[in-house]
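**Q** predicted structure and sequence below. I'll ask about it afterward.
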Amino acid sequence: MAQSSLAELLEAALPGGPASLRKAQGGADALAAALHCLMVRDGYVALDRAGQPLRGYALPKEWNEVPNLWAFLYSRPGAARTFRLECGQHPTTRRMIVHASELGPDGAPLPDNMQVMGVQTDNYVRLGEAGQQPTSSWHGVVTAEATLCDMWDEYVAAPLWRKAEKAAPGSAASGAAGSGTSAGGLAQAVQRQRHVILPVAAVVSALAAAALLYRRRQAV
């Protein structure tokens with residue numbers, strides 16, 4: 001079965017379309033929501049701020065309440081721990097750093113399983129001309145979808161799950177909903193890590209893009 005497009009996944013997450021996003025940060029909101037959709041597509045279960053599972057691709061309440069910062073918490077069947085996706089966009093360069101990590105019992109990222117990817121927001125999201133009324137459809141909003149998904153799979157999704165601690169067969173995974181890892185204060189967690197995430201943007205993005213371009217040229 002063919003995978004659903006990001007437009008279809010975003011429709012499931014935000015039925016109101018791009019018109020439901022913040023006017024000042026619609027493009028970045030859309031990209032962060034798209035990355036959340038990729039997490040759920042890959043088998044993760046989104047949690048609300050009380051640590052309870054959300055249905056399907058639904059976003060937690062107040063998911064975009066902090067300017068230029070987004071954070072989501074997940075469990076995953078078969079995982080022993082929970083996971084966090086954090087996105088931080090530089091307000092001037094509009095470069096977004098994506099930080100996905102496995103969490104320890106105290107809710108802090110495990111040093112040996114933190115995956116980072118840098119993307120330029122405007123290269124992957126198009127919401128029309130400035131001042132134009134946002135559309136109600138997600139079709140055409142995410143551009144260069146194949147490239148975005150390829151980078152996501154290689155630099156975030158695959159290593160995050162490969163390095164994750166798996167739950168013992170028949171055990172109650174601590175990564176399940178209600179495990180005790182707090183989902184509250186996600187925005188504060190992003191704020192604390194902003195000084196770590198944002199400065200690596202140029203290096204991570206350049207290396208990722210160069211490696212992907214090299215592999216594609218070799219395949220031709």
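**A** Looks like it came in fine. Residues are numbered from 1 along each chain as shown.

**Q** please report the distance of the residue sitting nearest the centre point of the chain from residue 167.
**A** Geometric centre of the chain, nearest residue: residue 35, 3.5 Å, by C-alpha atoms, centre = their mean. For residue 35, the distance to residue 167 (C-beta to C-beta, to the nearest Å) stands at 25 Å. Just so you know, the C-beta spots here come from the backbone N, C-alpha and C atoms, and that holds for glycine as well.

**Q** got it, and residue 28?
**A** Residue 28 is 34 Å from residue 167, where distance means C-beta to C-beta.

**Q** neighbour count: these two, which is higher?
**A** Set residue 28 next to residue 167 and count neighbours by other C-beta atoms under 10 Å: residue 28 wins out with 25 against 18.

**Q** contacting residues for the more buried one?
**A** By C-beta atoms under 8 Å, 6 or more residues apart in numbering, the contact set of residue 28 is 68, 70, 87, 89, 94, 96, 121, 125.

**Q** so it is in which element?
**A** Following DSSP states H and E, one finds residue 28 within helix 26-41.

**Q** kindly export that helix (C-alpha atoms) in CSV.
**A** What follows is helix 26-41, C-alpha atoms only, in CSV (Å, rounded to 0.1, in the frame of the first residue of the first chain):
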residue,chain,number,x,y,z
GLY,A,26,2.1,29.7,9.4
GLY,A,27,5.0,28.3,7.4
ALA,A,28,7.0,27.2,10.4
ASP,A,29,3.8,25.8,12.1
ALA,A,30,3.1,23.8,9.0
LEU,A,31,6.6,22.3,8.8
ALA,A,32,6.6,21.4,12.5
ALA,A,33,3.1,19.8,12.1
ALA,A,34,4.4,17.9,9.1
LEU,A,35,7.3,16.5,11.1
HIS,A,36,4.9,15.5,13.8
CYS,A,37,2.9,13.6,11.2
LEU,A,38,6.0,11.8,10.1
MET,A,39,6.6,10.6,13.7
VAL,A,40,3.1,9.2,13.9
ARG,A,41,3.4,7.7,10.4
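
**Q** grab the nearest non-local neighbour of residue 47.
**A** Residue nearest to residue 47 in three dimensions, not counting chain neighbours: residue 73, with 4.5 Å by C-beta to C-beta, 6 or more residues apart in numbering.

**Q** number of nearby residues for that neighbour?
**A** Neighbour count for residue 73, taken as other C-beta under 10 Å: 27.

**Q** adjacent strands (with direction) for whichever strand or helix holds it?
**A** Residue 73 belongs to strand 69-75 when assigned by DSSP H and E. Strand pairing for strand 69-75, using DSSP bridges, gives strand 45-47 (antiparallel), strand 83-89 (antiparallel).
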